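S.K.: take a look and give me a structure for this.
(chains A and B)
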Amino acid sequence: MRRNQVAVVGAAETTELGVIPNMSQLQLHADAALNAIADAGLKLSDIDGFATAVETPQQVCHYLGIKPTWVDGTSVGGCSFMLHVRHAAAAIEAGLCKTVLITHAESGKSMIGKAPRSIPADSLQGQFEAPYGVYGPPSMFPIPVLRFMKTYGITHEQLASVAVVQREWAAKNPRAMMKDPITVADVLNSRMIAYPFRLLQCCLVTDGGGALILTSADRAKDFPRKPVYIMGTGESVETPMVSQMETFNSSRAFKVAGPLAFKEAGIAHKDVDHLMIYDAFAHLPLFGLGDLGFMPYEETGKFIAEGNTRPGGKLPLNTNGGGLSYMHSGMYGMYALQESVRQMRGIAPAQVPGAKISVCHGVGGMFAASGTIVFTNER
Amino acid sequence: MAEPQRARPKPTPETQHFWDGTKAGELRLQRCDACAHVFFPPRPFCPSCASRKVSVFKASGKGFLYSYVINHRPAAPGFTPPYAIAVVELAEGPRMMSNIIDCPQTPEALELDMKLEVAFEPLDDKITLPVFRPAKG
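M.R.: You can find the predicted model right below:
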């Protein structure tokens, strides 16, 4: 795909984030969509392309009253929205539609109008993982981490520092769920969830949503907000079974999606001013830093523990506070994208001064899928 | 009310031989007749070279502890926390999720790379689960 041909011209989260007991999941989609449409200065009738995950495009389009000529229901977990951005950019370039709305919403905490996740007993997961006591992401996502730690000499303290640093960013963000400072000792003394991970190394569980609007870069200059250009994109999937990953020393999906996006954007790692790595659990930023090629895996834990990703550090990472401290409705990718867009617009609560290039890297499932978007505010 | 039971696998035509094997006290894997690739979970073709000529064979049942978590909460139905959810790398190459029996469920006792051997745990008259215990000797 050619770089900088498509731009984000509308971006918004739901009016509230956190615990939203007065709204169904479907209405959260609508709330985010209406906020994004207002942000872009558009009408619903201007939308001719639509993408969402978990809920179907037909469900959300009909609820909103949208008549699309292009839809994408790719649903590969929390990074689905990165894939939607990539697919939407291609669709706009191909002339299949002009203005794409991407929505995410999840009543992850209140569970209103949300179908429970279930694993059929005759699926491969149902036969070869479920009988061993896996029960939700906390029991599955951290399974690779002990091997990763042993291979690369990563310490428990370094993994705890991920949560500490992200809380520093969250403290600067009025909409973050958790803002009180924490220490490495606080993390290591918090309640055990799934060894080696404790409560403060696991993401929040909240309600919320977000929406993006994309159009061609040529049209983008006529919109009220500063356009944020899609500079590069990548995607891949590996396996829905964490036990069947090629290796626990890296994520194959990360290693395909990340470098694709860098290559398409034509950037080197030193060009990256701002970085988001989807952090459902504390090990993901370490996998991301290594798999995206920022540094050898052995250095990732030390890099974060020494403060290089904290406010004022040389590689600002997860500047909204991340899934660990900002919010996590279940499919966090949309909130990472929102923060990248805010940073590129120059309006983030914890703004990185002068940031011109933002890399936003997402995971779906338990390393099952990945999507990477490189944004820039210069064409 | 009945005690909550742990998740019961339901075999499909492609996996039936595996579950027949565990019931007979064998851990069965598949090997490609064309390229010799050994793979798991079961399927009637080779995921490496796409050949449909594959054979089922009895695996050694030996392996090592590749990684794990010790789950504290929330516990799955039929499990009493804390319990380890492990990934075992088999001597033949494939990895599989399992539980580790005859071993304290602690970080001290569960050492990565420790040698393991298969054991069989009947869930009912149809399904027997392969689990692993520390290898003797």
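S.K.: what residues sit buried inside stretch A:50-61?
M.R.: A:50-55, A:57, A:60-61 (16 or more other Cβ atoms under 10 Å in any protein chain shown). C-beta: built from backbone N, CA, C; applies to glycine.
S.K.: could you dump that stretch to CSV, C-alpha only?
M.R.: Output of stretch A:50-61 as CSV, limited to C-alpha atoms (Å, rounded to 0.1, in the frame of the first residue of the first chain):
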residue,chain,number,x,y,z
PHE,A,50,-18.0,0.4,8.0
ALA,A,51,-15.9,-2.0,10.0
THR,A,52,-16.3,-3.5,13.5
ALA,A,53,-15.5,-6.6,15.5
VAL,A,54,-17.5,-9.0,17.7
GLU,A,55,-20.7,-7.2,16.9
THR,A,56,-21.5,-7.7,13.2
PRO,A,57,-21.4,-4.8,10.6
GLN,A,58,-25.1,-5.4,9.9
GLN,A,59,-26.0,-5.1,13.6
VAL,A,60,-24.2,-1.8,14.1
CYS,A,61,-24.9,-0.3,10.7
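S.K.: can you give the distance from it to the centre of its chain?
M.R.: 18 Å (Cα atoms, centre = their mean, to the nearest Å).
S.K.: quick one: residues in contact with that stretch.
M.R.: A:25-26, A:29-30, A:33, A:66-68, A:70-77, A:80-81, A:84, A:87-88, A:100-106, A:331 (Cβ atoms under 8 Å, 6 or more residues apart in numbering or on different chains).
S.K.: just the buried ones from the residues you listed?
M.R.: A:25-26, A:29-30, A:33, A:66, A:68, A:70-77, A:80-81, A:84, A:87-88, A:100-106, A:331.
S.K.: hang on, the earlier thing: in helices only, show me the contacts of stretch A:50-61.
M.R.: A:25-26, A:29-30, A:33, A:80-81, A:84, A:87-88 (DSSP state H).
S.K.: what is the nearest of these to B:Gly93?
M.R.: Of all those, B:Gly93 sits closest to A:Ser80, with 32.3 Å by Cβ to Cβ.
S.K.: and the pLDDT at the closest one?
M.R.: Confidence at A:Ser80, expressed as pLDDT, is 98.
S.K.: what does A:Glu306 give?
M.R.: So A:Glu306 comes in at 98 (pLDDT).
S.K.: end to end, how far does stretch B:27-46 reach?
M.R.: 19 Å (Cα to Cα, to the nearest Å).
S.K.: what mean pLDDT does that stretch have?
M.R.: On average, stretch B:27-46 scores 98.
S.K.: so that stretch, near chain A or not?
M.R.: Yes - Stretch B:27-46 lies within reach of chain A by Cβ under 8 Å from any Cβ of the partner chain, at B:40-41.
S.K.: for that stretch, buried residues please.
M.R.: B:27-32, B:37-42, B:46.
S.K.: save these as TSV, and put in secondary structure too.
M.R.: Formatted as TSV, these follow (DSSP: H, G, I helix; E, B strand; the rest coil):
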residue	secondary structure
B:Leu27	coil
B:Arg28	strand
B:Leu29	strand
B:Gln30	strand
B:Arg31	strand
B:Cys32	strand
B:His37	coil
B:Val38	strand
B:Phe39	strand
B:Phe40	coil
B:Pro41	coil
B:Pro42	coil
B:Cys46	coil
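S.K.: report the spatially nearest residue to residue 28, omitting neighbours in sequence.
M.R.: Defaulting to chain A. Residue nearest to A:Leu28 in three dimensions, not counting chain neighbours: A:Ala105, with 3.4 Å by Cβ to Cβ, 6 or more residues apart in numbering or on different chains.
S.K.: wait, I meant chain B there
M.R.: B:Gly21 (3.5 Å).
S.K.: just how off-centre is the helix or strand the one you found falls within within its chain?
M.R.: Secondary structure assignment for B:Gly21, by DSSP states H and E: helix B:16-23. Distance of helix B:16-23 from the chain centroid (Cα atoms, centre = their mean) equals 12 Å.
S.K.: what does stretch A:20-34 give?
M.R.: The answer for stretch A:20-34 is 19 Å, by Cα atoms, centre = their mean.
S.K.: just stretch A:143-160 next, same as before
M.R.: Counting by Cα atoms, centre = their mean, stretch A:143-160 comes out at 22 Å from the chain centroid.
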